[in-house]
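In: Need coordinates for the following:
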Amino acid sequence: MSAPPARPIVFAITGASGAPYAIRLLEQLIAAQRRVQLIISSHGLRLLQTESGVRSAAELRERVGGDGWDRFVKVFDDADRGAAPASGSSRNGGMVICPCSMGTLSAIAVGASLAPLLELLQLAASATAQLTNRMLRMVSPLNR
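Out: Numbers count the residues shown, from 1 in each chain. Here you go, the predicted model:
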């Protein structure tokens with residue numbers, strides 16, 4: 001009998017400087033055959049375009065490898081506050097926010113919202129903190 005598949009890693013990309021870190025980490029998670037629930041904030045998408053020339057999730061898929069992406073990555077819209085990563089009943093293996101802006105870091109730390117309505121990224125961070133307390137926030141040294 002084989003072991004059950006590992007729980008997915010929630011992976012969020014925000015607008016802090018460090019898009020190459022996010023792309024490389026996503027490549028490595030796919031290479032390790034880890035399921036990923038990907039959330040890209042609007043500022044994260046702008047960051048990917050500015051720093052890496054990636055203008056969409058489809059272009060990110062091509063950059064990291066379409067076959068692995070199709071098998072291991074599920075993309076969630078940051079505006080979808082009802083998506084699986086926001087729910088406490090949807091178990092995950094932890095969360096990575098890479099890169100993590102100081103605004104996102106502070107909002108998660110104090111449980112505050114950056115917007116009038118919580119974004120999926122913040123709800124997922126809250127659910128992860130409550131359920132697994134496994135969260136890696138990668139603040140770029142370039143983000144001052």
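
In: Mind jotting down where the helices sit in the chain?
Out: 19-31, 42-52, 57-64, 66-72, 102-110, 120-131 (DSSP state H).

In: right, and the ones you listed - which one's nearest Val96?
Out: helix 19-31 (6.8 Å; CB to CB). Where you see a C-beta, it was placed from the backbone N, CA and C, and this is true even at glycine.

In: Does that closest one pack against any helices or strands, and if so which?
Out: strand 9-13, strand 36-40, helix 42-52, helix 57-64, helix 66-72 (3 or more CB pairs under 8 Å, 6 or more residues apart in numbering; DSSP states H and E).

In: Is there a neighbour count for the residue nearest to Arg7 when sequence neighbours are not counted? I'd like the number.
Out: In space, and not counting its chain neighbours, Arg7 is closest to Gly93: 3.8 Å by CB to CB, 6 or more residues apart in numbering. When neighbours are defined as other CB atoms under 10 Å, Gly93 has 16 of them.

In: Gly93 against Leu29, yeah?
Out: No - with contact defined as CB atoms under 8 Å, Gly93 does not reach Leu29; the gap is 10.6 Å.

In: joint contacts of those two?
Out: In terms of CB atoms under 8 Å, 6 or more residues apart in numbering, Gly93 and Leu29 are both contacted by the residues Ile9.

In: Would you quantify the distance from Thr128 to Val73?
Out: 18 Å (CB to CB, to the nearest Å).

In: quick one, which of these two is more surrounded?
Out: Neighbour count, other CB under 10 Å: between Thr128 and Val73, Thr128 has more, with 26 against 23.

In: surely the more buried one meets Gly93?
Out: No - applying CB under 8 Å as the test, Thr128 and Gly93 come out as separate, 9.4 Å apart.

In: Could you list the low-confidence segments of the protein?
Out: For the chain, the stretches flagged by pLDDT under 70 are 1-5, 112-118, 129-144.

In: From the chain's centroid, how far away is stretch 79-87?
Out: 12 Å (CA atoms, centre = their mean, to the nearest Å).

In: can you tell me which of the helices of the chain comes nearest to Pro8?
Out: That would be, of the helices of the chain and by CB to CB, helix 66-72, which comes in at 8.6 Å.

In: Perfect, I'm done here.
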